[in-house]
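> Pasted the sequence and its predicted model underneath.
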Amino acid sequence: MPQSRLIDFGSYLTIALTLILFVSALFLKGITHDLLLEGGVFLVSAKLVLMTHKQALIATELRAALQRIESSLESRTDGASNYRLERP
């Protein structure tokens, strides 16, 4: 996954939609106890987007580590066996 595309369109859409709903609730309901509920929903959405970003970074690191392991195994076998890793 390229570095510039770690946050996808769905994440941007989730952030924008949640922010729009939060601001509209602020104007419609005013500053009341319900604002805490709306703020909590906004924070949960932001947390989900951050977790998705972190998981994408971890997946990229794991993919690189697996490629290093695969190349190490291939260099040890030197083509003597029919060992081959399947790539997705």
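Looks like it came in fine.

> Okay, now the unreliable bits of the chain?
The model of the chain has pLDDT under 70 over residues 1-6, 78-88.

> Summarise which helices and strands the biggest helix by length in the chain is packed against.
Ranked by residue count, the top helix of the chain under DSSP state H comes out as helix 34-77. Judged by 3 or more CB pairs under 8 Å, 6 or more residues apart in numbering; DSSP states H and E, helix 34-77 is in contact with helix 9-29. (C-beta placed from N, C-alpha, C; glycine too.)

> what comes up buried for the helix it packs on?
Buried residues in helix 9-29, counting neighbours by 16 or more other CB atoms under 10 Å, are found at 11, 14-15, 18, 22, 25.

> what residues does stretch 8-22 touch?
38-39, 41-42, 45-46, 48-49, 52-53 (CB atoms under 8 Å, 6 or more residues apart in numbering).

> In JSON lines, list those residues along with neighbour count and distance to Ala64.
Output for the contacts of stretch 8-22, formatted as JSON lines (neighbours: other CB atoms under 10 Å; distance: CB to CB, whole Å):
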{"residue": "Glu38", "neighbour count": "19", "distance to Ala64": "40"}
{"residue": "Gly39", "neighbour count": "13", "distance to Ala64": "38"}
{"residue": "Val41", "neighbour count": "14", "distance to Ala64": "36"}
{"residue": "Phe42", "neighbour count": "17", "distance to Ala64": "34"}
{"residue": "Ser45", "neighbour count": "18", "distance to Ala64": "30"}
{"residue": "Ala46", "neighbour count": "15", "distance to Ala64": "28"}
{"residue": "Leu48", "neighbour count": "14", "distance to Ala64": "25"}
{"residue": "Val49", "neighbour count": "18", "distance to Ala64": "24"}
{"residue": "Thr52", "neighbour count": "15", "distance to Ala64": "19"}
{"residue": "His53", "neighbour count": "14", "distance to Ala64": "17"}
